[in-house]
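Participant: below: sequence and its predicted model.
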Amino acid sequence: MSGEEATAPPAPAEQAPPQEQQAAGGGDAAAAEPQYRALVLSGFGGYEKVKVQVRRGSPCPRPGEITVRVRACGLNFADLLARQGLYERLPPPPVSPGLECAGTVQAVGEGVTGRQVGDKVMVLARAGLWQEIVTVPANQTYLMPDGMSFEEAAALLVNYITAYMILFDFGNLRPNQSILIHMAAGGVGTAAIQLCKTVENITIFGTASASKHDALRESGVAHPIDYRTMDYVEEVRKISPKGVDVVLDPLGGSDTSKGFNLLKPMGKLITYGVANLLTGQKKNLMAMAKTWWNQFSINALHLLHLNKAVCGYHLGYMDEEVELISGVVDKLVGLYSQGKIKPKIDSVWPFEQVADAMRQMQEKKNIGKVILISHCPFQCYAFKASSRNVRTLASESICTDHTQLLPRSDLCDIKHDASDPSPLNARLSQPAVSEQHISFPKFQTKFFFSGLQAVGDYWLRSMSRQSVNASCYSNH
Ligand SMILES: NC(=O)c1ccc[n+]([C@@H]2O[C@H](COP(=O)([O-])OP(=O)(O)OC[C@H]3O[C@@H](n4cnc5c(N)ncnc54)[C@H](OP(=O)(O)O)[C@@H]3O)[C@@H](O)[C@H]2O)c1
(Lines give C-alpha, C1' and ligand atoms only; values in the text may rest on other atoms or scores of the structure.)
Protein backbone atom coordinates (compact mmCIF):
# COMPACT_ATOMS: atom_id res chain seq x y z
CA MET A 1 0.00 0.00 0.00
CA SER A 2 1.20 3.48 -0.68
CA GLY A 3 1.70 5.96 2.16
CA GLU A 4 -1.48 7.79 3.08
CA GLU A 5 -2.24 11.44 3.67
CA ALA A 6 0.03 12.65 0.91
CA THR A 7 -1.83 15.14 -1.21
CA ALA A 8 0.86 16.53 -3.51
CA PRO A 9 0.38 15.27 -7.09
CA PRO A 10 2.95 12.70 -8.12
CA ALA A 11 5.65 14.58 -9.94
CA PRO A 12 9.34 14.43 -10.61
CA ALA A 13 11.36 13.72 -7.46
CA GLU A 14 12.66 16.89 -5.95
CA GLN A 15 15.66 18.36 -7.72
CA ALA A 16 18.22 20.32 -5.76
CA PRO A 17 17.86 24.06 -6.37
CA PRO A 18 20.43 25.30 -8.91
CA GLN A 19 22.63 27.04 -6.33
CA GLU A 20 23.04 23.74 -4.50
CA GLN A 21 23.81 21.61 -7.48
CA GLN A 22 27.55 21.83 -8.02
CA ALA A 23 29.75 21.00 -5.07
CA ALA A 24 32.92 22.88 -5.90
CA GLY A 25 34.97 25.17 -3.69
CA GLY A 26 32.92 27.28 -1.28
CA GLY A 27 35.15 27.32 1.82
CA ASP A 28 34.93 25.47 5.14
CA ALA A 29 31.18 25.86 5.73
CA ALA A 30 30.41 24.44 2.32
CA ALA A 31 32.91 21.62 2.82
CA ALA A 32 31.13 20.64 6.07
CA GLU A 33 27.76 20.32 4.31
CA PRO A 34 26.64 16.79 3.50
CA GLN A 35 27.04 15.76 -0.11
CA TYR A 36 25.24 13.29 -2.26
CA ARG A 37 25.61 12.22 -5.85
CA ALA A 38 23.09 12.47 -8.64
CA LEU A 39 23.05 11.52 -12.28
CA VAL A 40 22.17 14.53 -14.40
CA LEU A 41 21.17 14.84 -18.03
CA SER A 42 22.97 17.98 -19.11
CA GLY A 43 21.41 18.25 -22.59
CA PHE A 44 20.00 15.98 -25.29
CA GLY A 45 22.38 13.73 -27.19
CA GLY A 46 24.71 10.75 -26.78
CA TYR A 47 25.76 8.70 -23.76
CA GLU A 48 28.12 11.41 -22.50
CA LYS A 49 25.18 13.70 -21.74
CA VAL A 50 24.42 11.89 -18.48
CA LYS A 51 26.99 12.72 -15.84
CA VAL A 52 27.55 12.19 -12.13
CA GLN A 53 27.17 15.43 -10.21
CA VAL A 54 27.85 16.03 -6.53
CA ARG A 55 25.17 18.02 -4.73
CA ARG A 56 25.28 19.69 -1.35
CA GLY A 57 22.72 19.84 1.39
CA SER A 58 20.40 17.41 3.08
CA PRO A 59 17.01 17.25 1.41
CA CYS A 60 14.17 17.45 3.96
CA PRO A 61 10.67 16.12 3.42
CA ARG A 62 7.78 18.58 3.37
CA PRO A 63 4.34 17.55 4.64
CA GLY A 64 3.23 14.40 2.83
CA GLU A 65 6.75 13.55 1.63
CA ILE A 66 9.49 11.15 2.63
CA THR A 67 13.22 11.21 2.00
CA VAL A 68 14.77 8.00 0.75
CA ARG A 69 18.40 6.91 0.73
CA VAL A 70 18.54 5.28 -2.69
CA ARG A 71 20.27 1.92 -3.11
CA ALA A 72 19.31 0.92 -6.65
CA CYS A 73 17.63 2.54 -9.66
CA GLY A 74 15.98 1.05 -12.74
CA LEU A 75 17.11 1.96 -16.26
CA ASN A 76 14.20 2.05 -18.67
CA PHE A 77 13.88 2.33 -22.42
CA ALA A 78 12.19 5.67 -21.75
CA ASP A 79 15.51 6.92 -20.30
CA LEU A 80 17.23 6.19 -23.62
CA LEU A 81 14.52 8.10 -25.46
CA ALA A 82 14.67 10.89 -22.89
CA ARG A 83 18.41 11.31 -23.41
CA GLN A 84 17.69 12.03 -27.07
CA GLY A 85 14.85 14.43 -26.30
CA LEU A 86 12.20 11.91 -27.37
CA TYR A 87 10.39 11.41 -24.06
CA GLU A 88 8.00 14.25 -23.41
CA ARG A 89 7.38 13.42 -19.73
CA LEU A 90 10.93 14.40 -18.70
CA PRO A 91 11.30 18.04 -17.60
CA PRO A 92 13.88 19.98 -19.68
CA PRO A 93 17.60 19.50 -18.91
CA PRO A 94 19.57 19.93 -16.77
CA VAL A 95 17.54 17.34 -14.91
CA SER A 96 18.01 14.07 -13.06
CA PRO A 97 16.28 11.30 -14.99
CA GLY A 98 15.00 8.14 -13.34
CA LEU A 99 11.47 6.77 -13.11
CA GLU A 100 12.06 4.22 -10.37
CA CYS A 101 14.35 3.38 -7.49
CA ALA A 102 14.51 1.48 -4.22
CA GLY A 103 16.08 2.38 -0.90
CA THR A 104 15.59 3.05 2.79
CA VAL A 105 13.43 5.75 4.33
CA GLN A 106 15.66 8.35 5.95
CA ALA A 107 13.12 10.98 7.04
CA VAL A 108 9.33 11.26 7.15
CA GLY A 109 7.42 14.50 6.64
CA GLU A 110 4.45 15.73 8.63
CA GLY A 111 1.17 13.94 8.08
CA VAL A 112 2.64 10.81 6.53
CA THR A 113 1.31 7.58 7.95
CA GLY A 114 2.36 4.08 6.99
CA ARG A 115 6.04 4.93 6.47
CA GLN A 116 8.79 4.96 9.10
CA VAL A 117 12.47 5.71 9.12
CA GLY A 118 14.27 2.51 8.13
CA ASP A 119 11.45 1.11 5.95
CA LYS A 120 12.61 -0.36 2.66
CA VAL A 121 10.63 1.16 -0.18
CA MET A 122 10.23 1.18 -3.95
CA VAL A 123 9.60 4.58 -5.55
CA LEU A 124 7.90 5.61 -8.78
CA ALA A 125 8.10 9.13 -10.22
CA ARG A 126 8.04 10.97 -13.52
CA ALA A 127 11.76 11.76 -13.21
CA GLY A 128 14.50 12.57 -10.72
CA LEU A 129 15.13 9.23 -9.03
CA TRP A 130 18.72 8.66 -10.21
CA GLN A 131 20.12 10.28 -7.10
CA GLU A 132 21.62 8.98 -3.86
CA ILE A 133 18.92 10.79 -1.89
CA VAL A 134 15.43 11.63 -3.13
CA THR A 135 12.46 13.33 -1.55
CA VAL A 136 9.12 12.19 -2.92
CA PRO A 137 5.43 12.24 -2.05
CA ALA A 138 4.82 9.25 0.22
CA ASN A 139 2.01 8.04 -2.02
CA GLN A 140 4.55 7.36 -4.75
CA THR A 141 6.30 4.80 -2.55
CA TYR A 142 5.54 1.15 -1.87
CA LEU A 143 6.88 -1.09 0.89
CA MET A 144 9.28 -3.76 -0.35
CA PRO A 145 8.20 -7.31 0.49
CA ASP A 146 10.37 -9.54 2.69
CA GLY A 147 13.25 -11.20 0.90
CA MET A 148 13.35 -8.75 -1.99
CA SER A 149 16.74 -7.22 -2.81
CA PHE A 150 17.10 -3.53 -3.64
CA GLU A 151 18.05 -4.47 -7.20
CA GLU A 152 14.87 -6.53 -7.61
CA ALA A 153 12.82 -3.73 -6.06
CA ALA A 154 14.26 -1.22 -8.53
CA ALA A 155 13.27 -3.59 -11.34
CA LEU A 156 9.68 -4.19 -10.29
CA LEU A 157 7.55 -1.09 -10.63
CA VAL A 158 7.77 0.22 -14.19
CA ASN A 159 8.16 -3.13 -15.95
CA TYR A 160 5.69 -5.20 -13.94
CA ILE A 161 2.99 -2.55 -13.53
CA THR A 162 3.10 -2.04 -17.30
CA ALA A 163 3.14 -5.75 -18.09
CA TYR A 164 0.33 -6.46 -15.61
CA MET A 165 -1.98 -3.73 -16.85
CA ILE A 166 -1.50 -4.38 -20.55
CA LEU A 167 -1.91 -8.15 -20.15
CA PHE A 168 -4.77 -8.32 -17.72
CA ASP A 169 -6.59 -4.98 -17.69
CA PHE A 170 -6.46 -4.31 -21.43
CA GLY A 171 -5.47 -7.72 -22.84
CA ASN A 172 -7.92 -9.70 -20.66
CA LEU A 173 -5.59 -12.68 -21.08
CA ARG A 174 -7.37 -15.98 -20.39
CA PRO A 175 -6.41 -19.68 -20.30
CA ASN A 176 -5.55 -21.37 -23.61
CA GLN A 177 -4.91 -18.11 -25.47
CA SER A 178 -1.89 -17.11 -27.54
CA ILE A 179 0.16 -13.95 -27.40
CA LEU A 180 2.91 -12.18 -29.34
CA ILE A 181 5.40 -10.35 -27.11
CA HIS A 182 7.93 -8.07 -28.82
CA MET A 183 11.23 -7.19 -27.08
CA ALA A 184 10.49 -10.39 -25.15
CA ALA A 185 13.88 -10.62 -23.45
CA GLY A 186 13.84 -7.02 -22.19
CA GLY A 187 12.54 -5.58 -18.93
CA VAL A 188 8.82 -5.45 -19.77
CA GLY A 189 9.16 -8.58 -21.93
CA THR A 190 10.52 -10.80 -19.14
CA ALA A 191 7.89 -9.42 -16.75
CA ALA A 192 5.12 -10.16 -19.28
CA ILE A 193 6.36 -13.73 -19.80
CA GLN A 194 6.36 -14.43 -16.05
CA LEU A 195 2.87 -12.97 -15.71
CA CYS A 196 1.60 -15.01 -18.70
CA LYS A 197 2.74 -18.10 -16.83
CA THR A 198 0.32 -17.30 -14.04
CA VAL A 199 -2.46 -18.11 -16.54
CA GLU A 200 -3.04 -21.67 -17.67
CA ASN A 201 -1.74 -22.82 -21.04
CA ILE A 202 -0.73 -19.60 -22.75
CA THR A 203 1.21 -20.01 -26.01
CA ILE A 204 3.87 -17.34 -26.17
CA PHE A 205 5.50 -16.07 -29.35
CA GLY A 206 8.39 -13.78 -28.50
CA THR A 207 10.65 -11.67 -30.72
CA ALA A 208 14.25 -11.03 -29.66
CA SER A 209 17.80 -11.13 -30.96
CA ALA A 210 18.90 -14.72 -31.65
CA SER A 211 21.46 -14.86 -28.82
CA LYS A 212 18.62 -14.61 -26.29
CA HIS A 213 16.47 -17.46 -27.57
CA ASP A 214 17.74 -20.12 -25.16
CA ALA A 215 16.93 -17.83 -22.23
CA LEU A 216 13.49 -17.18 -23.71
CA ARG A 217 12.75 -20.90 -24.13
CA GLU A 218 13.81 -21.52 -20.53
CA SER A 219 11.49 -18.80 -19.32
CA GLY A 220 8.49 -20.26 -21.14
CA VAL A 221 8.43 -18.78 -24.66
CA ALA A 222 7.29 -21.60 -26.94
CA HIS A 223 8.29 -19.81 -30.15
CA PRO A 224 11.20 -17.35 -30.00
CA ILE A 225 11.58 -15.44 -33.29
CA ASP A 226 14.65 -13.57 -34.47
CA TYR A 227 13.02 -10.46 -35.89
CA ARG A 228 16.38 -9.26 -37.19
CA THR A 229 16.72 -12.06 -39.75
CA MET A 230 13.15 -13.31 -40.18
CA ASP A 231 9.72 -11.97 -40.97
CA TYR A 232 7.97 -12.49 -37.65
CA VAL A 233 4.50 -12.27 -39.23
CA GLU A 234 5.29 -15.23 -41.48
CA GLU A 235 6.82 -17.17 -38.58
CA VAL A 236 3.72 -16.70 -36.43
CA ARG A 237 1.40 -17.66 -39.30
CA LYS A 238 3.38 -20.85 -40.03
CA ILE A 239 2.62 -22.06 -36.52
CA SER A 240 -0.73 -20.41 -35.96
CA PRO A 241 -2.39 -19.59 -39.31
CA LYS A 242 -5.25 -17.71 -37.64
CA GLY A 243 -2.87 -15.47 -35.69
CA VAL A 244 -2.89 -14.72 -31.95
CA ASP A 245 -5.32 -13.45 -29.33
CA VAL A 246 -3.14 -10.68 -27.91
CA VAL A 247 -0.29 -8.60 -29.36
CA LEU A 248 1.87 -6.43 -27.11
CA ASP A 249 3.33 -3.67 -29.27
CA PRO A 250 6.19 -1.57 -27.85
CA LEU A 251 7.59 -0.81 -31.33
CA GLY A 252 5.19 1.53 -33.14
CA GLY A 253 5.43 2.50 -36.82
CA SER A 254 4.69 -0.30 -39.30
CA ASP A 255 4.87 -2.95 -36.55
CA THR A 256 1.57 -1.76 -35.09
CA SER A 257 -0.29 -2.55 -38.34
CA LYS A 258 1.50 -5.90 -38.62
CA GLY A 259 0.44 -6.74 -35.07
CA PHE A 260 -3.14 -5.66 -35.72
CA ASN A 261 -3.32 -7.86 -38.83
CA LEU A 262 -2.04 -10.82 -36.80
CA LEU A 263 -4.98 -10.66 -34.40
CA LYS A 264 -7.65 -13.35 -34.41
CA PRO A 265 -11.28 -12.19 -34.22
CA MET A 266 -11.86 -10.73 -30.72
CA GLY A 267 -8.11 -10.19 -30.47
CA LYS A 268 -6.53 -7.18 -28.75
CA LEU A 269 -3.51 -5.13 -29.64
CA ILE A 270 -2.01 -3.01 -26.90
CA THR A 271 0.37 -0.35 -28.09
CA TYR A 272 2.66 0.99 -25.35
CA GLY A 273 5.89 2.23 -26.93
CA VAL A 274 7.72 3.53 -29.98
CA ALA A 275 11.06 1.74 -29.77
CA ASN A 276 11.44 2.08 -33.54
CA LEU A 277 12.35 5.73 -32.96
CA LEU A 278 15.67 4.68 -31.49
CA THR A 279 18.29 3.72 -34.06
CA GLY A 280 21.53 5.09 -32.64
CA GLN A 281 23.07 7.21 -29.91
CA LYS A 282 21.52 10.44 -31.16
CA LYS A 283 18.13 11.47 -32.46
CA ASN A 284 17.58 10.17 -36.00
CA LEU A 285 15.19 12.35 -37.99
CA MET A 286 14.81 9.74 -40.75
CA ALA A 287 13.73 7.08 -38.25
CA MET A 288 11.31 9.56 -36.69
CA ALA A 289 9.81 10.43 -40.08
CA LYS A 290 9.54 6.78 -41.08
CA THR A 291 7.88 5.78 -37.79
CA TRP A 292 5.46 8.70 -38.00
CA TRP A 293 4.64 8.02 -41.67
CA ASN A 294 3.92 4.34 -40.98
CA GLN A 295 1.91 5.06 -37.84
CA PHE A 296 -1.15 2.83 -37.61
CA SER A 297 -4.55 4.44 -37.86
CA ILE A 298 -8.04 3.05 -38.22
CA ASN A 299 -11.56 4.45 -38.16
CA ALA A 300 -14.25 3.24 -35.80
CA LEU A 301 -16.42 1.76 -38.55
CA HIS A 302 -13.58 -0.35 -39.87
CA LEU A 303 -12.81 -1.51 -36.34
CA LEU A 304 -16.44 -2.47 -35.85
CA HIS A 305 -16.33 -4.76 -38.87
CA LEU A 306 -13.11 -6.44 -37.81
CA ASN A 307 -14.02 -7.52 -34.26
CA LYS A 308 -10.70 -6.42 -32.84
CA ALA A 309 -9.58 -3.96 -30.18
CA VAL A 310 -6.69 -1.49 -30.06
CA CYS A 311 -5.62 -0.08 -26.70
CA GLY A 312 -3.00 2.52 -25.82
CA TYR A 313 -1.11 2.46 -22.53
CA HIS A 314 1.34 4.95 -20.98
CA LEU A 315 2.24 4.64 -17.30
CA GLY A 316 3.84 8.10 -17.46
CA TYR A 317 0.40 9.66 -17.89
CA MET A 318 -1.09 7.88 -14.87
CA ASP A 319 0.36 10.28 -12.32
CA GLU A 320 -2.99 10.97 -10.80
CA GLU A 321 -4.13 7.34 -10.61
CA VAL A 322 -2.65 6.66 -7.20
CA GLU A 323 -5.24 4.09 -6.10
CA LEU A 324 -5.28 2.28 -9.41
CA ILE A 325 -1.50 1.91 -9.41
CA SER A 326 -1.24 0.91 -5.75
CA GLY A 327 -3.87 -1.77 -6.37
CA VAL A 328 -1.66 -3.22 -9.11
CA VAL A 329 1.46 -3.00 -6.93
CA ASP A 330 -0.36 -4.89 -4.15
CA LYS A 331 -1.12 -7.69 -6.60
CA LEU A 332 2.48 -7.75 -7.83
CA VAL A 333 3.87 -7.87 -4.30
CA GLY A 334 1.50 -10.79 -3.62
CA LEU A 335 2.72 -12.62 -6.72
CA TYR A 336 6.35 -11.98 -5.72
CA SER A 337 5.74 -13.31 -2.22
CA GLN A 338 4.17 -16.46 -3.68
CA GLY A 339 7.27 -16.95 -5.87
CA LYS A 340 5.28 -16.50 -9.09
CA ILE A 341 7.25 -13.52 -10.35
CA LYS A 342 10.87 -12.52 -9.79
CA PRO A 343 12.54 -9.64 -11.61
CA LYS A 344 15.35 -10.87 -13.82
CA ILE A 345 18.38 -8.66 -13.39
CA ASP A 346 20.56 -8.44 -16.47
CA SER A 347 23.37 -6.35 -14.99
CA VAL A 348 24.16 -3.85 -12.26
CA TRP A 349 26.21 -0.71 -12.88
CA PRO A 350 27.49 1.99 -10.53
CA PHE A 351 26.46 5.59 -11.30
CA GLU A 352 29.90 6.22 -12.77
CA GLN A 353 29.20 3.66 -15.47
CA VAL A 354 25.81 4.95 -16.53
CA ALA A 355 27.04 5.27 -20.13
CA ASP A 356 27.94 1.55 -20.19
CA ALA A 357 24.57 0.71 -18.65
CA MET A 358 22.74 2.65 -21.37
CA ARG A 359 24.95 1.07 -24.03
CA GLN A 360 24.07 -2.40 -22.70
CA MET A 361 20.39 -1.71 -23.36
CA GLN A 362 20.70 0.34 -26.52
CA GLU A 363 23.06 -2.16 -28.17
CA LYS A 364 20.43 -4.85 -27.53
CA LYS A 365 22.57 -6.92 -25.13
CA ASN A 366 20.33 -7.03 -22.07
CA ILE A 367 18.27 -10.01 -20.95
CA GLY A 368 16.06 -8.58 -18.23
CA LYS A 369 16.56 -5.38 -16.31
CA VAL A 370 19.54 -3.05 -16.26
CA ILE A 371 20.12 -1.56 -12.79
CA LEU A 372 22.13 1.43 -11.60
CA ILE A 373 23.46 1.56 -8.08
CA SER A 374 24.45 4.69 -6.25
CA HIS A 375 27.17 3.09 -4.12
CA CYS A 376 30.27 1.57 -5.67
CA PRO A 377 30.59 -2.19 -5.71
CA PHE A 378 34.15 -2.34 -4.52
CA GLN A 379 36.24 -5.39 -4.08
CA CYS A 380 38.76 -4.63 -1.41
CA TYR A 381 42.23 -5.97 -1.05
CA ALA A 382 44.97 -5.13 1.38
CA PHE A 383 48.53 -5.74 0.40
CA LYS A 384 52.12 -4.83 1.02
CA ALA A 385 53.93 -3.72 -2.03
CA SER A 386 56.12 -6.74 -2.47
CA SER A 387 56.65 -7.51 -6.11
CA ARG A 388 54.78 -10.84 -5.87
CA ASN A 389 51.64 -9.27 -4.43
CA VAL A 390 51.77 -6.38 -6.79
CA ARG A 391 51.89 -8.75 -9.71
CA THR A 392 48.98 -10.80 -8.35
CA LEU A 393 46.89 -7.76 -7.67
CA ALA A 394 47.74 -6.20 -10.97
CA SER A 395 46.54 -9.27 -12.80
CA GLU A 396 43.31 -9.26 -10.77
CA SER A 397 42.64 -5.58 -11.04
CA ILE A 398 43.08 -5.32 -14.77
CA CYS A 399 39.98 -7.49 -15.02
CA THR A 400 38.03 -4.74 -13.33
CA ASP A 401 36.89 -1.46 -14.77
CA HIS A 402 38.26 1.06 -12.38
CA THR A 403 40.78 0.92 -9.58
CA GLN A 404 41.80 3.16 -6.73
CA LEU A 405 44.73 3.12 -4.38
CA LEU A 406 44.23 4.44 -0.87
CA PRO A 407 47.12 5.02 1.53
CA ARG A 408 46.80 2.64 4.46
CA SER A 409 47.07 5.62 6.82
CA ASP A 410 43.58 6.68 5.68
CA LEU A 411 42.13 3.57 7.17
CA CYS A 412 44.27 3.06 10.25
CA ASP A 413 41.34 3.65 12.63
CA ILE A 414 39.57 0.61 11.26
CA LYS A 415 40.06 -2.61 13.13
CA HIS A 416 41.78 -5.06 10.88
CA ASP A 417 39.91 -8.33 11.09
CA ALA A 418 40.04 -10.64 8.09
CA SER A 419 37.01 -12.63 9.33
CA ASP A 420 34.84 -9.50 9.37
CA PRO A 421 35.60 -7.23 6.45
CA SER A 422 32.40 -5.19 6.80
CA PRO A 423 33.85 -2.11 8.60
CA LEU A 424 36.61 -1.90 6.04
CA ASN A 425 34.24 -2.45 3.15
CA ALA A 426 31.89 0.18 4.53
CA ARG A 427 34.70 2.71 4.58
CA LEU A 428 36.02 1.74 1.19
CA SER A 429 32.60 1.88 -0.36
CA GLN A 430 32.32 5.57 0.36
CA PRO A 431 33.23 7.72 -2.61
CA ALA A 432 36.85 8.81 -2.58
CA VAL A 433 37.16 12.45 -1.66
CA SER A 434 40.75 12.82 -0.58
CA GLU A 435 43.29 13.99 -3.11
CA GLN A 436 45.65 11.29 -1.91
CA HIS A 437 43.46 8.68 -3.53
CA ILE A 438 44.85 7.73 -6.85
CA SER A 439 42.17 6.69 -9.26
CA PHE A 440 42.68 5.34 -12.72
CA PRO A 441 40.68 3.43 -15.29
CA LYS A 442 41.29 -0.06 -16.54
CA PHE A 443 43.50 0.75 -19.48
CA GLN A 444 46.04 2.57 -17.30
CA THR A 445 46.17 -0.01 -14.52
CA LYS A 446 48.82 -2.21 -16.08
CA PHE A 447 51.27 0.64 -16.54
CA PHE A 448 50.64 1.99 -13.07
CA PHE A 449 51.47 -1.25 -11.37
CA SER A 450 54.75 -1.68 -13.13
CA GLY A 451 56.09 1.28 -11.14
CA LEU A 452 54.50 0.45 -7.80
CA GLN A 453 57.11 -1.64 -5.99
CA ALA A 454 58.70 1.32 -4.28
CA VAL A 455 55.47 2.51 -2.67
CA GLY A 456 54.60 1.56 0.92
CA ASP A 457 51.40 -0.12 2.14
CA TYR A 458 48.24 0.59 0.24
CA TRP A 459 44.70 -0.54 0.13
CA LEU A 460 43.57 -1.20 -3.32
CA ARG A 461 39.97 -1.00 -4.26
CA SER A 462 38.78 -2.24 -7.56
CA MET A 463 35.43 -1.58 -9.02
CA SER A 464 34.10 -4.42 -11.04
CA ARG A 465 30.77 -4.38 -12.79
CA GLN A 466 29.97 -7.94 -11.80
CA SER A 467 31.10 -7.73 -8.18
CA VAL A 468 28.11 -6.06 -6.65
CA ASN A 469 27.28 -8.74 -4.16
CA ALA A 470 30.78 -10.10 -3.82
CA SER A 471 32.30 -7.55 -1.46
CA CYS A 472 35.30 -9.82 -1.44
CA TYR A 473 38.24 -9.30 0.88
CA SER A 474 41.70 -10.71 0.92
CA ASN A 475 44.60 -9.83 3.09
CA HIS A 476 47.85 -10.58 1.35
N1 LIG B 1 3.86 2.79 -22.04
C2 LIG B 1 4.47 2.54 -20.90
O3 LIG B 1 4.00 2.92 -19.83
C4 LIG B 1 5.76 1.77 -20.91
C5 LIG B 1 6.39 1.42 -19.72
C6 LIG B 1 7.59 0.69 -19.78
C7 LIG B 1 8.12 0.35 -21.02
N8 LIG B 1 7.49 0.74 -22.16
C9 LIG B 1 8.03 0.39 -23.47
O10 LIG B 1 8.30 -1.01 -23.48
C11 LIG B 1 9.40 -1.27 -24.30
C12 LIG B 1 10.42 -2.06 -23.50
O13 LIG B 1 10.96 -1.24 -22.49
P14 LIG B 1 12.06 -1.77 -21.47
O15 LIG B 1 12.38 -0.62 -20.59
O16 LIG B 1 11.59 -3.04 -20.89
O17 LIG B 1 13.31 -2.01 -22.42
P18 LIG B 1 13.99 -3.35 -22.90
O19 LIG B 1 12.96 -4.24 -23.52
O20 LIG B 1 14.83 -3.93 -21.87
O21 LIG B 1 14.84 -2.72 -24.08
C22 LIG B 1 16.01 -3.19 -24.59
C23 LIG B 1 15.80 -4.28 -25.65
O24 LIG B 1 14.85 -3.88 -26.64
C25 LIG B 1 15.13 -4.53 -27.88
N26 LIG B 1 15.00 -3.53 -28.93
C27 LIG B 1 14.03 -3.50 -29.87
N28 LIG B 1 14.14 -2.41 -30.62
C29 LIG B 1 15.20 -1.72 -30.16
C30 LIG B 1 15.82 -0.51 -30.55
N31 LIG B 1 15.35 0.23 -31.56
N32 LIG B 1 16.90 -0.09 -29.87
C33 LIG B 1 17.39 -0.81 -28.83
N34 LIG B 1 16.84 -1.99 -28.42
C35 LIG B 1 15.74 -2.43 -29.08
C36 LIG B 1 16.52 -5.13 -27.72
O37 LIG B 1 16.39 -6.53 -27.53
P38 LIG B 1 16.09 -7.56 -28.72
O39 LIG B 1 16.84 -7.10 -29.94
O40 LIG B 1 16.59 -8.85 -28.20
O41 LIG B 1 14.60 -7.52 -28.87
C42 LIG B 1 17.06 -4.57 -26.42
O43 LIG B 1 17.91 -5.46 -25.74
C44 LIG B 1 9.89 0.09 -24.82
O45 LIG B 1 9.31 0.37 -26.06
C46 LIG B 1 9.36 1.05 -23.79
O47 LIG B 1 9.21 2.35 -24.26
C48 LIG B 1 6.33 1.45 -22.12
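Facilitator: Cool, got the structure. Predicted model only: the values in this text are computed from it and were never measured.
Participant: what sits against the single nearest residue of the stretch 301-450 of the chain relative to the ligand?
Facilitator: In the stretch 301-450 of the chain, no residue comes nearer to the ligand than Leu315, which is 3.3 Å away by C-beta to the nearest ligand atom. Using the backbone N, CA and C atoms, a C-beta is placed for each residue, glycine as well. Neighbouring residues of Leu315 by C-beta atoms under 8 Å, 6 or more residues apart in numbering: 158, 161-162, 165.
Participant: ok, which stretches of the stretch 101-250 of the chain are strands?
Facilitator: Ranges of strands in the stretch 101-250 of the chain, per DSSP state E, counting those that start in this stretch, are 120-124, 133-137, 141-143, 178-181, 203-207, 223-225, 244-249.
Participant: for whichever residue of the stretch 1-150 of the chain sits closest to the ligand, phi and psi?
Facilitator: Nearest to the ligand, among the residues of the stretch 1-150 of the chain, is Phe77, at 3.5 Å (C-beta to the nearest ligand atom). Phe77 adopts backbone torsions of phi -60, psi -40, taken as degrees, to the nearest 10.
Participant: what ranges of the stretch 1-150 of the chain fall below the confidence cut-off?
Facilitator: 1-11, 14-32 (pLDDT under 70).
Participant: what residues does it have near the ligand?
Facilitator: 76-78 (C-beta under 6 Å from any ligand atom).
Participant: who wins on neighbours among the residues you listed?
Facilitator: Asn76 (26 neighbours; other C-beta atoms under 10 Å).
Participant: surely that residue meets Glu100?
Facilitator: Yes: counting by C-beta atoms under 8 Å, Asn76 does reach Glu100; the two are 7.4 Å apart.
Participant: from Gly118, how far off is the residue in the stretch 151-300 of the chain that the ligand sits nearest to?
Facilitator: Using C-beta to the nearest ligand atom, the single residue of the stretch 151-300 of the chain nearest to the ligand is Gly186, 1.7 Å away. Relative to Gly118, Gly186 is positioned 33 Å away (C-beta to C-beta, to the nearest Å).
Participant: name the residue in these two with the higher neighbour count.
Facilitator: Gly186 (27 against 8).
Participant: contacts only, for the residue lying closest to the more buried one once chain neighbours are set aside.
Facilitator: Distances taken as C-beta to C-beta, 6 or more residues apart in numbering put Asn366 closest to Gly186, at 6.4 Å, once the chain neighbours are dropped. By C-beta under 8 Å, 6+ apart, the contact set of Asn366 is 185-187, 346-347, 360.
Participant: closest one to Ala125 out of those, please.
Facilitator: When those are compared for distance to Ala125 (C-beta to C-beta), Gly187 wins out at 17.2 Å.
Participant: coming back round to it: for the strands of the stretch 101-250 of the chain, give me a markdown table that also has mean neighbour count.
Facilitator: Output for the strands of the stretch 101-250 of the chain, formatted as a markdown table (neighbours: other C-beta atoms under 10 Å):
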| stretch | mean neighbour count |
| --- | --- |
| strand 120-124 | 24 |
| strand 133-137 | 27 |
| strand 141-143 | 24 |
| strand 178-181 | 26 |
| strand 203-207 | 23 |
| strand 223-225 | 23 |
| strand 244-249 | 27 |
